[in-house]
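Chemist: predicted model, plus sequence, below.
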Amino acid sequence: MADENILLGAVAYDAKVVPIWEGIREHFRKQSVPMDFCLFSNYERQVESLLAGHIDIAWNTPLAHVRVQKRTEGKSLSLGMRDSDRDFRSRVIVRKDAGIKSLKDLAGKTLAVGSRDSTQARILPLHFLGQQGIDLSTVRLLPFDTDVGKHGDTGTSELDVLKALHEGRAQAGTVGDLIWVLEQAAGRIDTGKLEVLWTTPGFDHCMFDALPTLSASKLELFKKGLFAMKWEIPEHRRILELEGLKQWMPPRQEGYASLRAALDDQKGW
Amino acid sequence: MGRLATVAIDGGDLPFGGGLLALVRPALNGMEPGGVLAVHSRTPAIADEFFTWCKLEHHELLESSAQTGFTRLLIQKGSLGAPRGIMEINQDLPTRAGRLDAATVLEAVPFPAKADPGTGFAPRGARVEPGGPAYPFALNDRDRTAPPDVAALYDQAVSAQWNGDTDIAWDRIKPLSPPLQQALGQIMTFLAENELSALYVPSRFIARVHPAYVEVGMFLSTQLADEARHIDVFLKRARKGGGGLGISHATTSASLHSLLMLEDFTEAAFLLSVLGEGTFLDLLRYIEVNAPDEVTADIVRRARADETRHVHFGMSHVKHALQQDPALYGRLEAAVRRRSATLAGVNGVPAAVQDALTILVARGIDPPSVRRGHETYRELLNVMHENRIKRLASAGFSHDQAQTLSDLHTPNFM
Ligand SMILES: [Fe+2]
Ligand SMILES: [Fe+2]
């Protein structure tokens, strides 16, 4: 690509994605970094477009990130992540009236889970439960496969899980800690009915991915632009708040080991 | 351990989303960034909830330790998203004989010299969470917007409201002789037309005033209510007793149009309230003294009492602004000259108004009475001119400036 613009891909999981990336593009422009973005409707097409060289950089979910790494045999470049992408956890929530006191008690119960491509609401909590010695074949899964292709970004399937729990259609359910805490903070959880049974180990979330062929100048310019965003600067802050972070962080890979293992187990690649 | 918490909360066994946050959030809101809150909780696994919540809210979870029977958490308040401004604590408002007026509130919570459009509709004194949109307020400067006595004027206005339906002895109006009835209809038409401009012009500025100076909006809203009532009673008087409305002159229309087009609040206060409504006071006094009946005198007297407040507000506004910015003298003079230029060709008081004011005094059409009416009317013009000069001098204009500005003032009175 002779285009001097860094072309960035993002998935339009919400209407706010447009102002976020227009804001970031404006910020890059002020840093003299030419950048443009294109929006995809799902992460699968975004990953294929990155691999085909149609875009320079993809803003990827953890699932898309580890897939890009696998498809490039570990040669892809990881460029950065949000502070808030680090140390995610999932929760196993239970109904208080279900008599579930430990993970073993899940046997024979209905466990509501999120979309099949949601890292936090399905892939990882089931993986971690397996690691805890829970035989998932003894648990009745109630899956909510909403917004497939968005990799759980919309949170819709997690809200479905919480609704099923409130209504008694499931005795247990798995959600990410972000939704769980946000819903509690908004007063939408009936704490008389629901409680936390278990919290998973931590894992990391989104990542900027690029092919190893990305030119050194684009790579440096992108990092320069990205890490120049500061919470203290009001125009930056507006965008950072929308995107849900306070600071861009350098990449780290250890937070994705559990996801790779889960995809191996679940034949989810 | 070893970190000292400034505030401590015992949350008992309240669930995180079932009441505990309702204790934790206000406690943090009451602290400065960097302050440390200790939370004791008997709820199982509570540390996991605070781990995520602190990450989301950008607070720092300094410590979570299991004690016998409870968890102790130390949360350091983050600076991100913290409301700006100084927290009001122990604010009290003194009452006088059980009354609490707006002037007392203004004294306790004074106007800021400048206001930030980013604080939107946040009331003065509230702490404001950052990140709200900028509002299109144009009047963000105390000295060009909010004279110090505006709250006292608001208090007076609220106490002085009257009812144009029930407070006027409408039943006592008797039919007048046809010439007098016609003159009164013309005068009331002219008054109502001018009152309409006094309703519209201030209303254009209310939404431009930053809410930090809300007392200005409060006062102007009483002025709007006053003008609405004046329009109402003047039109009722024109028709009651067998009369009807008179003519609206192009002269009047041009004069009032030039008021409506003003874009500057201080220029509008000067031209409408100081010069226009000021001149109107003398007109209302003239009508009151020469009223054909007590009901008409009562209506006009009540309107004049209201107008006196409007003039007072305009004078206060202009005086205060002039004290802060002497260059304003020149700008106000220029505004009067510009308006006078757009009204070139407007020659004298509208004829029908002039005649009606003459007949009002004459009470009939016999020549000696009409002569007396004409002389009284000419005296009115002198009184208006003299009083305009007094008001301008009181605002701080030199005698020569005042003389010139009064001469340039519209012959339409308003
Ligand atoms: Fe009026
Ligand atoms: Fe008025």
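Modeler: Nice, I can see it. Predicted model only: the values in this text are computed from it and were never measured. Ligands and ions are numbered 1, 2, ... in the order given.
Chemist: in stretch B:369-385, what counts as buried?
Modeler: B:V370, B:G373, B:H374, B:T376, B:Y377, B:L380, B:L381, B:M384, B:H385 (16 or more other C-beta atoms under 10 Å in any protein chain shown). (Each C-beta comes from the backbone N, C-alpha and C, glycine too.)
Chemist: other residues contacting that stretch?
Modeler: The contact list for stretch B:369-385, computed with C-beta atoms under 8 Å, 6 or more residues apart in numbering or on different chains, reads B:279, B:282-283, B:286, B:290, B:349, B:354, B:357-363, B:406-407, B:413.
Chemist: about what we covered before: which members of the buried residues of stretch B:369-385 are the farthest-apart pair?
Modeler: B:V370 and B:H385 (23.3 Å; C-beta to C-beta).
Chemist: next, the residue nearest to B:P130 when sequence neighbours are not counted: phi, psi?
Modeler: Nearest residue to B:P130, sequence neighbours excluded (C-beta to C-beta, 6 or more residues apart in numbering or on different chains): B:R84, at 6.1 Å. Main-chain torsions, B:R84, degrees, to the nearest 10: phi -90, psi 150.
Chemist: mind listing what B:R84 touches?
Modeler: The contact partners of B:R84, by C-beta under 8 Å, 6+ apart, come to B:R127, B:V128, B:E129, B:P130.
Chemist: show me where the stretch 151-269 of chain A has helices.
Modeler: Along the stretch 151-269 of chain A, counting by DSSP state H, counting those that start in this stretch, helices occupy A:156-167, A:177-185, A:216-227, A:234-243, A:257-266.
Chemist: run the angle between the first one and helix A:177-185 for me.
Modeler: This means helix A:156-167. With axes from the mean of the first three to the mean of the last three C-alpha atoms, to 10 degrees applied, the angle from helix A:156-167 to helix A:177-185 works out at 50 degrees.
Chemist: picking up where we left off before, and which of the contacts of B:R84 is nearest chain A?
Modeler: Ranked by distance to chain A (C-beta to the nearest C-beta), the contacts of B:R84 are led by B:P130 at 7.5 Å.
Chemist: give me the neighbour count for that closest one.
Modeler: 15 (other C-beta atoms under 10 Å in any protein chain shown).
Chemist: against ligand 1, how distant is it?
Modeler: Per C-beta to the ion, to the nearest Å, B:P130 is found 42 Å from ligand 1.
Chemist: looking at this, that residue is in a strand?
Modeler: No: with DSSP: H, G, I helix; E, B strand; the rest coil as the criterion, B:P130 is located in coil rather than a strand.
Chemist: and B:M1, what's its pLDDT?
Modeler: At B:M1, the model reports a pLDDT of 42.
Chemist: domains in the chain, as residue ranges please.
Modeler: Looking at chain A here, since you left the chain open. Per automatic domain parsing, the structural domains of chain A span A:6-85+A:205-256, A:90-199.
Chemist: switch to chain B, please.
Modeler: Split by automatic domain parsing, chain B gives B:7-76, B:142-408.
Chemist: quick check, the residue in the stretch 251-400 of chain B closest to chain A?
Modeler: B:F265 (28.1 Å).
Chemist: wait, isn't that residue in contact with B:T145?
Modeler: Yes: counting by C-beta atoms under 8 Å, B:F265 touches B:T145, with 6.7 Å between them.
Chemist: let's have the contacts of B:R84 in CSV, adding pLDDT.
Modeler: Shown next, in CSV, are these (pLDDT from 0 to 100):
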residue, pLDDT
B:R127, 93
B:V128, 91
B:E129, 86
B:P130, 80
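Chemist: return the closest of those residues with respect to B:A8.
Modeler: Nearest member of the contacts of B:R84 to B:A8, counting by C-beta to C-beta, is B:R127, at 22.8 Å.
Chemist: give me phi/psi at that closest one?
Modeler: Main-chain dihedrals, B:R127, degrees, to the nearest 10: phi -80, psi 140.
Chemist: residue ranges of the strands in chain A, please?
Modeler: Here chain A has its strands, by DSSP state E, at A:6-11, A:35-40, A:57-60, A:77-82, A:90-95, A:110-113, A:140-143, A:172-176, A:194-199, A:207-210, A:248-249.
Chemist: nearest to ligand 2, of those strands?
Modeler: Taking C-beta to the ion, strand A:35-40 is the member of these nearest to ligand 2, at 56.4 Å.
Chemist: centre of the chain to the closest one, how far?
Modeler: 19 Å (C-alpha atoms, centre = their mean, to the nearest Å).
Chemist: list the buried residues for that strand?
Modeler: So, applying 16+ other C-beta under 10 Å, buried residues of strand A:35-40: A:M35, A:F37, A:F40.
Chemist: now those in TSV, with distance to ligand 1 and pLDDT?
Modeler: Output for the buried residues of strand A:35-40, formatted as TSV (distance: C-beta to the ion, whole Å; pLDDT from 0 to 100):
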residue	distance to ligand 1	pLDDT
A:M35	60	96
A:F37	58	97
A:F40	63	98
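Chemist: and which of these is nearest B:R239?
Modeler: Of all these, A:F37 has the smallest distance to B:R239: 67.7 Å, by C-beta to C-beta.
Chemist: that closest one contacts A:I6, correct?
Modeler: No: A:F37 is not in contact with A:I6 according to C-beta under 8 Å; the separation is 9.1 Å.
Chemist: just the C-alphas of stretch B:319-329, formatted as CSV.
Modeler: What follows is stretch B:319-329 as a C-alpha-only set of coordinates in CSV (Å, rounded to 0.1, in the frame of the first residue of the first chain):
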residue,chain,number,x,y,z
LYS,B,319,-24.1,51.8,35.6
HIS,B,320,-22.4,48.7,36.8
ALA,B,321,-21.1,47.8,33.3
LEU,B,322,-19.9,51.4,32.8
GLN,B,323,-18.0,51.4,36.1
GLN,B,324,-16.1,48.3,35.0
ASP,B,325,-15.5,49.4,31.4
PRO,B,326,-15.3,53.1,30.6
ALA,B,327,-15.0,52.3,26.9
LEU,B,328,-18.6,51.3,27.1
TYR,B,329,-19.7,55.0,27.1
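Chemist: avg pLDDT for stretch A:251-267?
Modeler: Mean predicted lDDT for stretch A:251-267 stands at 96.
Chemist: go on, stretch A:215-222?
Modeler: 96.
Chemist: what's next to it, contact-wise?
Modeler: Outside stretch A:215-222, the residues that reach it (C-beta under 8 Å, 6+ apart) are A:I6, A:V33, A:M35, A:D56, A:I57, A:L77, A:L79, A:F208, A:A210.
Chemist: using PDB, write out every CA atom in stretch A:99-114.
Modeler: Only the C-alpha atoms of stretch A:99-114 are listed here, as PDB (Å, rounded to 0.1, in the frame of the first residue of the first chain):
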ATOM      1  CA  GLY A  99     -28.800 -24.200  46.900                       C
ATOM      2  CA  ILE A 100     -25.400 -23.800  45.000                       C
ATOM      3  CA  LYS A 101     -22.700 -23.400  47.700                       C
ATOM      4  CA  SER A 102     -19.700 -24.500  45.700                       C
ATOM      5  CA  LEU A 103     -18.800 -25.100  42.000                       C
ATOM      6  CA  LYS A 104     -19.500 -28.900  42.500                       C
ATOM      7  CA  ASP A 105     -23.100 -28.000  43.100                       C
ATOM      8  CA  LEU A 106     -23.400 -26.800  39.500                       C
ATOM      9  CA  ALA A 107     -23.900 -30.400  38.500                       C
ATOM     10  CA  GLY A 108     -27.500 -30.900  37.300                       C
ATOM     11  CA  LYS A 109     -28.200 -27.200  37.300                       C
ATOM     12  CA  THR A 110     -28.900 -24.800  34.400                       C
ATOM     13  CA  LEU A 111     -26.000 -22.500  33.600                       C
ATOM     14  CA  ALA A 112     -26.700 -19.500  31.400                       C
ATOM     15  CA  VAL A 113     -23.800 -18.500  29.300                       C
ATOM     16  CA  GLY A 114     -23.200 -15.700  26.800                       C
END
